[in-house]
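1. model this:
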Amino acid sequence: QWVTYEDPLQVPVDESRRLVQRYIITTIYFATDGEGWRLCGGNDNDSACEGEGYVPFLSGVSECGWYGIRCRENSEDVVESIDLEQNRLRGTIPSEIASLSDLDHINLSANDISGGLPQFPPSISTILLNNNELSGNIPSNINSLSKLTALAIGNNKLSGPLPHDMFPPSLAHLDLEGNSFNASIPEEIFDCGYLRTVDLNTNQFTGTINPKWGTLENLSLLNLQTNNFTGSLPGAVFTPSMTALSVALNNLVGTIPDEVFGSVLLEYLDLGRNHFNGTLPKRFGELKNMKQLTIWLNNFTGTIPSEIGSLPVLEMFQVPYNYLTGEMPEEICKHVPNPLAALGADCKSPEPAEQIPPRVNCTCCTSCQVGYG
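-> Presented below is the predicted three-dimensional model:
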């Protein structure tokens, strides 16, 4: 009704494409409580919005000039991008956006949007909907979005198993963190040869860690933390391109695979809160790009290798709650506090302290735990 009776621009009815597009963009405003938006909504005075260099929604100008809407250059006002991040949108995403045939980018992250995931047009390449209240299952046939490179729907209330047909080969960035997805990860994900970052942390995935992660030659970040994975950590997951891996807070067992030392670009490795055992390899000293090495809450034994002190940019090294003993090597201590700002071990004596020495003698540690006692 607004487009027909209240729109100050009054697009001519014979310009059907423009009329339909303006209608679709308007539905976003009404479906997400536009009057309550943080910026350029119905309750925002024009001077505040325009002071930021924007034009309020529902203004009597082309929708291409409205806040968060961008149209393709050198085109007839064809919408290609919607960016209303962190703008207090509340409500649901209207199904009409699937009819925006040239939409390339949508960012509605960090709002209060509820309901399910809608369908998207085949033209879409970037979907950013993380940090909302979306619920339900992931719709099928996402793999038909042949141009999709980034899908970020983390920190919502989505659930269920992942559909086997949600992985278009073009996908490079996948963020599903902080939901309630369960079951095992479909094999079809390994057909996405362009994948560079995958964040699946804080879900309820089960099964073992698939060695096929190592077939993704472009994969640099893999976060499988806080799930229900079991079994060992396959050495095959480590690729030459990997810079970050977290498998913390699972139920993994076994020793640290030698293949980790082939990932010479590795900057972040978190193996914490599992059931790994064995000794800490001296070859950790080969990972010269390592910034954060976290192996707390496992079953490692032996001493802490002095070779770790040869890591020139190490900022965090956390080894408490293991069965490590002996001295914290001076080669490591000399890096405290710069660059090694966080160094933790089982260097606190159980009470009474004068009768039971700590497992690890460390005078340079920034934090000390009693550990397993």
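
2. Can you give me every residue that contacts G154?
-> N130, N131, D175, L176, E177, G178, N179, D199 (Cβ atoms under 8 Å, 6 or more residues apart in numbering). C-beta coordinates here come from the backbone N, C-alpha and C atoms, glycine included.

3. again, but for V319
-> If you count contacts by Cβ under 8 Å, 6+ apart, then V319 has L280, I295, W296, F300, I304, G344, A345, D346, V360 around it.

4. about what we covered before: just the buried subset of the contacts of G154, please.
-> N130, N131, D175, L176, E177, G178, N179, D199 (16 or more other Cβ atoms under 10 Å).

5. how about the contacts of V319 in CSV, adding secondary structure and distance to V61?
-> Formatted as CSV, those follow (DSSP: H, G, I helix; E, B strand; the rest coil; distance: Cβ to Cβ, whole Å):
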residue, secondary structure, distance to V61
L280, coil, 64
I295, coil, 58
W296, coil, 57
F300, strand, 64
I304, coil, 65
G344, strand, 57
A345, strand, 63
D346, coil, 65
V360, strand, 67
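
6. so which of those is the most crowded?
-> Neighbour count (other Cβ atoms under 10 Å) singles out A345 as the most crowded of the contacts of V319, with 28 neighbours.

7. so how far is L314 from that residue?
-> Distance of A345 to L314, computed by Cβ to Cβ, to the nearest Å: 14 Å.

8. all strands of the stretch 151-300 of the chain, in order?
-> 157-161, 173-175, 180-183, 197-199, 204-208, 221-223, 228-232, 244-246, 251-254, 268-270, 275-279, 292-294, 299-302 (DSSP state E, counting those that start in this stretch).

9. Rebuild the ones you listed as TSV, extending it with mean pLDDT and distance to D77.
-> Listed next are the strands of the stretch 151-300 of the chain as TSV, based on pLDDT from 0 to 100; distance: least, Cβ to Cβ, whole Å:
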stretch	mean pLDDT	distance to D77
strand 157-161	97	34
strand 173-175	98	29
strand 180-183	98	39
strand 197-199	98	34
strand 204-208	98	44
strand 221-223	98	38
strand 228-232	98	49
strand 244-246	98	42
strand 251-254	98	54
strand 268-270	98	44
strand 275-279	98	58
strand 292-294	98	48
strand 299-302	98	62
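
10. how about stretch 88-108: buried residues?
-> Within stretch 88-108, the residues that count as buried by 16+ other Cβ under 10 Å are 88-91, 93-94, 96-98, 100, 103-108.

11. what stretches of the stretch 1-150 of the chain score poorly on pLDDT?
-> 43-48, 51 (pLDDT under 70).

12. Quick check: I97 touching I24?
-> Yes - distance between I97 and I24: 6.4 Å, which falls inside the contact criterion (Cβ atoms under 8 Å).

13. Could you list the low-pLDDT ranges of the stretch 251-373 of the chain?
-> Residues of the stretch 251-373 of the chain meeting the criterion pLDDT under 70: 353-354, 373.

14. Which residue ranges of it form helices?
-> Counting by DSSP state H, counting those that start in this stretch, the stretch 251-373 of the chain has helices at residues 330-333.

15. tally of neighbours for the closest residue to G60 other than its chain neighbours?
-> Spatial nearest neighbour of G60, excluding adjacent residues (Cβ to Cβ, 6 or more residues apart in numbering): P8 at 3.2 Å. Using other Cβ under 10 Å, P8 is surrounded by 8 other residues.

16. host element of P8?
-> According to DSSP states H and E, P8 maps onto no helix or strand at all.

17. and it, how far is that from I295?
-> Separation of P8 from I295 (Cβ to Cβ): 63 Å.

18. do D83 as well
-> With Cβ to Cβ as the criterion, D83 and I295 are 40 Å apart.

19. How about D346?
-> Taking Cβ to Cβ, one finds D346 at 12 Å from I295.

20. Tell me the residues that contact both of these two, please.
-> By Cβ under 8 Å, 6+ apart, D346 and I295 have these common neighbours: V319, N322.

21. how about the contacts of V319 in JSON lines, adding distance to I209?
-> As requested, the contacts of V319 are exported to JSON lines (distance: Cβ to Cβ, whole Å):
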{"residue": "L280", "distance to I209": "21"}
{"residue": "I295", "distance to I209": "17"}
{"residue": "W296", "distance to I209": "19"}
{"residue": "F300", "distance to I209": "19"}
{"residue": "I304", "distance to I209": "26"}
{"residue": "G344", "distance to I209": "26"}
{"residue": "A345", "distance to I209": "27"}
{"residue": "D346", "distance to I209": "27"}
{"residue": "V360", "distance to I209": "29"}
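
22. P56 contacts C49, correct?
-> Yes - with contact defined as Cβ under 8 Å, P56 reaches C49; the gap is 4.8 Å.

23. Could you pull up the residues touching E330?
-> S306, G309.

24. Just give me the neighbour total for the residue nearest to G160 when sequence neighbours are not counted.
-> Distances taken as Cβ to Cβ, 6+ apart place N137 nearest to G160, at 4.1 Å, with adjacent residues excluded. By other Cβ under 10 Å, 14 other residues sit near N137.
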